[in-house]
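Below is the sequence, then the predicted model.
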Amino acid sequence: MSLIKDNILIGIISKSLLDLTQDQCICEMLNSDESIYALNYFSTNQTCQLLYSNITSTIIEFSLNSSLIYMNQSSISLTTKSTTALSTTTVTTSTSTSSSTTSLTSSTSSTTSSTSTTTTTTTAEPVWTLTGNLNSARYYHTSSVLLDGQVLVTGGYGGFGGILKTAELYDPSSGMWTLTSSMNYARYSHEATVLANGKVLITGGQSTGATAELYDTLSASWRLTNTTNILRRYSTASLLQNGIVLVNGGLNGSTVLDSTELYDPSSEIWTFTGSLNTARYYHTATVLTNGMILVSGGSSGVSTAEIDSAELYNPSTQTWKFTGSLNVARYYHTASLLTNGKVLICGGTSNNSYLDSSELYDPSTGLWTLTDSLNTARYYHTASLLTNGKVLVSGGSDNNGVLNSAELYDPVSETWTFTSNLTNKRYLHAASVLTNGNVLVNAGTDVSNEKTAELYSGG
């Protein structure tokens with residue numbers, strides 16, 4: 001058994017234990033009947049996390065007053081680098097630096113005759129600008145645009161701060177973050193859905209039990225609502241056109257789920273609906289213009305990895321059916337509904353490789369077609385639909401480490417082009433399109449956890 005001080009391992013957590021000594025946590029790991037191979041111990045609050053051994057990738061990061069303890073027979077080679085990307089066969093570390101410059105240009109047409117009108121057109125080039133810092137660094141969190149235009153950030157993982165239950169509000173008019181009421185339970189890798197009544201529903205994640213919570217924007221307070229039928233994390237949540245919330249798939253312990261549930265905001269009751277044809281997690285879910293839900297890709301298990309299948313959920317019949325399969329099986333990807341009704345997915349990982357490929361789903365044919373590839377392969381990135389119809393992809397990670405690059409997809413030309421770089425490299429971050437059209441990117445992680453936030457404009 002080996003120990004690395006001031007580091008933790010980011011992976012799939014079996015359980016979190018409270019009020020235990022380090023030796024007690026080690027005993028729990030050794031006596032577990034599950035495939036536990038490592039634990040993170042946090043001395044400040046005497047908590048530990050037991051991690052599964054049969055996972056596809058892990059990350060080690062610096063975390064003060066914490067210890068990573070792992071079995072010597074583990075097949076994963078660990079190092080003490082601040083941030084290390086790991087796979088079951090290789091260990092890759094890198095440090096890269098890059099800088100970007102931005103400018104503002106304007107063009108003015110000349111007056112051609114005494115009777116013509118002079119027209120001045122000012123075009124702002126795409127630029128990232130830092131805005132106010134969050135109160136807490138976090139990743140694996142959620143970021144939701146409220147009906148009043150503010151952005152609510154919830155939970156996440158805070159490094160040596162452990163799993164967070166704090167929540168913050170971003171005010172676009174002031175560019176400042178303020179703490180709001182904390183959730184009842186700390187959680188990360190959860191889902192957040194803004195309901196038609198303006199409240200925010202939080203479900204699942206790495207937390208205590210199958211709890212769900214509601215945030216009331218008027219009182220700025222949280223209250224528990226009915227629990228889901230199954231505890232799940234790495235699932236998806238979608239607001240249907242009838243105001244019901246559909247949660248599907250995910251992970252329960254080491255079990256990959258095919259079950260799906262519906263939440264009725266009026267009764268606050270969860271009910272099972274039709275099951276997925278393929279159990280999956282780390283997938284995406286997109287509400288199509290016809291009201292159906294498209295689920296694509298994901299992982300079918302900790303050993304069988306990526307999925308190429310896609311499914312459609314019909315809210316009227318409450319059933320799932322297969323649609324066309326992806327050209328490239330993938331998970332950790334993103335999905336964006338374009339203004340033409342098609343769905344763009346890009347990036348992710350497959351067969352222990354990071355992907356630059358992108359695909360378009362046409363609901364009228366039920367088929368996927370490959371489109372232009374990203375300039376940089378990436379996973380754990382974000383994708384945002386801009387008001388001009390383009391898709392902004394930012395950050396993420398690849399074989400060379402964490403990225404600060406960003407790209408734009410033009411649905412008209414079906415091409416990707418680089419745009420201005422992020423100020424800070426980040427992945428496992430969140431992105432929200434504000435009511436003014438700017439994109440707010442916040443938090444995430446690099447060598448250290450990020451509490452910075454930045455705005456993208458002029459795209």
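Alright, I've got the coordinates. If you're wondering where the values come from, they're calculated on a predicted model, not measured in any experiment.

And stretch 266-280, end to end?
29 Å (Cα to Cα, to the nearest Å).

let me redo that: stretch 147-167
17 Å.

Quick check: buried residues in that stretch?
Residues of stretch 147-167 classed as buried: 150-167 (neighbour count, 16 or more other Cβ atoms under 10 Å). From N, CA and C alone the C-beta is placed, and that goes for glycine too.

With residue 296 as the reference, measure out to the nearest residue to residue 233 once chain neighbours are set aside.
In space, and not counting its chain neighbours, residue 233 is closest to residue 189: 4.6 Å by Cβ to Cβ, 6 or more residues apart in numbering. For residue 189, the distance to residue 296 equals 19 Å [Cβ to Cβ, to the nearest Å].

follow-up on the earlier one: among the buried residues of stretch 147-167, which lie within strands?
Counting by DSSP state E, the members of the buried residues of stretch 147-167 that fall within strands are 151, 152, 153, 154, 167.

Surely residue 27 is within a helix?
Yes - membership of residue 27 in a helix is supported by DSSP: H, G, I helix; E, B strand; the rest coil.

Report how many residues lie close to it.
Neighbour count of residue 27, defined by other Cβ atoms under 10 Å: 12.

likewise residue 21?
12.

Would you agree it is in contact with residue 46?
Yes - between residue 21 and residue 46 there is a contact at 6.8 Å, judged by Cβ atoms under 8 Å.

Help me confirm that residue 227 comes into contact with residue 213.
No - contact criterion Cβ under 8 Å: residue 227 and residue 213 do not qualify, at 10.1 Å.

Endpoints of stretch 372-384, how far apart?
17 Å.

just stretch 154-161 next, same as before
Rule used - Cα to Cα; the end-to-end distance of stretch 154-161 is 14 Å.

same check, this time on stretch 317-325
Per Cα to Cα, stretch 317-325 runs 22 Å from first to last residue.

and if you look at stretch 300-309?
10 Å.

same deal with stretch 189-198?
So stretch 189-198: terminal residues 22 Å apart, Cα to Cα.

Can you list the neighbours in contact with that stretch?
For stretch 189-198, the surrounding residues in contact (Cβ atoms under 8 Å, 6 or more residues apart in numbering) are 140, 142-147, 152, 154-155, 200-207, 217-218, 233-239, 243, 245, 247, 265.

Would you show me how to pick out the buried ones of the residues you listed in ChimeraX?
Buried members of these, defined by 16+ other Cβ under 10 Å, are picked up in ChimeraX with:
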select :140,142,143,144,145,146,152,154,155,200,201,202,203,204,205,206,207,217,233,234,235,236,237,238,239,245,247,265
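
The contacts of stretch 189-198 in strands, which ones?
Counting by DSSP E, the contacts of stretch 189-198 place 142-145, 152, 154, 200-203, 236-239, 245, 247 in strands.

what comes into contact with stretch 256-272?
Contacts with stretch 256-272, where a contact means Cβ under 8 Å, 6+ apart, come from 195-197, 199, 201, 203, 212, 225-230, 232, 235, 243-251, 273-281, 299-302, 313, 318, 320.

what bits of the stretch 1-150 of the chain have low per-residue confidence?
For the stretch 1-150 of the chain, applying pLDDT under 70 flags the ranges 10-16, 18-19, 33-35, 44-45, 52-65, 72-124.

Kindly report the same for the stretch 301-450 of the chain.
Applying pLDDT under 70 to the stretch 301-450 of the chain picks out residues 302-304.

What residues sit buried inside the helix or strand in which residue 409 is found?
Remark: residue 409 resides in strand 406-410, with elements defined by DSSP states H and E. Judged by neighbour count using 16+ other Cβ under 10 Å, the buried positions of strand 406-410 are 406, 407, 408, 409.

Nearest to residue 7 among these?
residue 406 (29.5 Å; Cβ to Cβ).

show me the contacts for the nearest residue to that closest one once chain neighbours are set aside.
Distance criterion Cβ to Cβ, 6+ apart; nearest residue to residue 406, sequence neighbours excluded, is residue 394 at 4.3 Å. Contact analysis of residue 394 by Cβ under 8 Å, 6+ apart lists 381, 382, 384, 406, 422, 429, 431, 439, 441, 456.

what are the bridge partners for the last one, then?
According to DSSP bridges, the residues that bridge with residue 456 are residue 128, residue 439.

Tell me if I'm right that it and residue 434 touch.
No - checked against Cβ under 8 Å, the pair residue 456 and residue 434 is beyond contact range at 9.9 Å.

do you know how far residue 432 is from residue 144?
Noted for residue 432: a distance of 7 Å to residue 144, by Cβ to Cβ.

Report the set of residues contacting both of these two.
Common neighbours of residue 432 and residue 144 (Cβ under 8 Å, 6+ apart) are residue 151.

The nearest residue to residue 365 once chain neighbours are set aside: what's it in contact with?
Counting by Cβ to Cβ, 6+ apart, residue 324 is the residue found nearest to residue 365 once chain neighbours are left out, at 7.6 Å. Residue 324 makes contacts with 310, 361, 365, 366, 367, 368, as judged by Cβ under 8 Å, 6+ apart.

so what are the domain limits for the chain?
Domain segmentation of the chain under automatic domain parsing yields 2-92, 124-457.

just those domains: most buried one?
Highest mean neighbour count among these (mean count of other Cβ atoms under 10 Å): domain 124-457, with a mean of 20.

Distance from the chain centre to that domain, please.
Computed by Cα atoms, centre = their mean, to the nearest Å, the chain-centroid distance of domain 124-457 equals 5 Å.

Grab the nearest non-local neighbour of residue 364.
Sequence neighbours aside, residue 341 is the residue nearest to residue 364 in space, at 8.0 Å (criterion: Cβ to Cβ, 6+ apart).

can you pull the contacts of the one you found?
288, 289, 363, 364.

check contacts around the closest residue in space to residue 415 that isn't next to it in sequence.
Spatial nearest neighbour of residue 415, excluding adjacent residues (Cβ to Cβ, 6+ apart): residue 372 at 4.7 Å. Residue 372 is in contact with 358, 409, 414, 415, 416, counting by Cβ under 8 Å, 6+ apart.
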